[in-house]
Each structure stands twice: as structure tokens, then as C-alpha cells.
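Colleague: Sequence unavailable; structure follows:
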């Protein structure tokens, strides 16, 4: 699948982080939509079929862990790859994220040179 065919949902409550992730995707020709909360993301996925969902773990209200659980319960979204991003990086959190069902885990700040390349390996 060409990068220009992707539709990525970025779920991030911090404006600067949201802008950085979306600009990085756009630089590579990837279309994205943003949601500042998990609740907003759950409404948005009813209107779009994302190719990939990028989820900040520390969201206000419903956190990223709970959002992932809700996505995995939805038969329409169960196959959509989900990746975790967080500023609260540790080896333990990385392991917990993958065990929880995230397809990948990235610590903030994201490495601009490898982030999209690694996403390509996840989406295919």
C-alpha cells in the first residue's frame, strides 16, 4: 500500500505533539486526522476507516490503554494496527504496551528518521 493511501488517526492531547506527529506523516505524504481525546477518537473512527491508529498512552479521561481495549472490542477495527506513543518511557511500559495488544511502542520525542520507516513495517 502506498503511503498516500494511508489514513492515520493520531490520538494526542498535547497540541505540540499532535502537530509534530501529523507534520511528520504529511511530510511523507500520509493523510492523517487528529483527535485530542479517546472519546473523540471513538467518534471519529465511526466516520473513517483508519489504516493505522497512533495513541498517546496518557490521555485525559479515557487513557490510551482503555482506548486500545475499546478498539480491540470493535469488530470493524480489530485488525487496524495501533501504536503507542508516550513521554513516560520505560522498558516496563514498552513491554506492557505490546502485551496489551499495541502493535508497536514509541517513546517521545519520536525519532523523525525512523518513525515512518518503522510504521511502514507495521502497516505493510
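Modeller: Great, that's in hand. Only a predicted model underlies this, so the values are computations on that prediction, with no experimental measurement involved.
Colleague: which residues sit in contact with the residue nearest the centre of the chain?
Modeller: Central residue of the chain (Cα atoms, centre = their mean): residue 54, 0.5 Å from the mean position. With contact taken as Cβ atoms under 8 Å, 6 or more residues apart in numbering, residue 54 is in contact with 8, 9, 10, 11, 12, 21, 82, 83, 85. To be clear about C-beta, it is placed using only N, CA and C from the backbone, and glycine gets the same treatment.
Colleague: before we move on, what SS does it have?
Modeller: Following DSSP: H, G, I helix; E, B strand; the rest coil, residue 54 is assigned to strand.
Colleague: As TSV, the contacts of residue 54 with distance to residue 2 would be great.
Modeller: Below are those laid out as TSV (distance: Cβ to Cβ, whole Å):
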residue	distance to residue 2
8	13
9	18
10	19
11	24
12	25
21	20
82	21
83	19
85	24
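Colleague: For those residues, pick the one with the most neighbours.
Modeller: Greatest neighbour count in these, by other Cβ atoms under 10 Å, goes to residue 11: 31 neighbours.
Colleague: isn't that one right up against residue 53?
Modeller: Yes: in this structure residue 11 lies within contact range of residue 53 using Cβ atoms under 8 Å: 6.7 Å.
Colleague: between those two, what contacts are shared?
Modeller: By Cβ under 8 Å, 6+ apart, the residues touching both residue 11 and residue 53 are residue 41.
Colleague: ok, so of the contacts of residue 54, who is nearest residue 61?
Modeller: Ranked by distance to residue 61 (Cβ to Cβ), the contacts of residue 54 are led by residue 11 at 11.5 Å.
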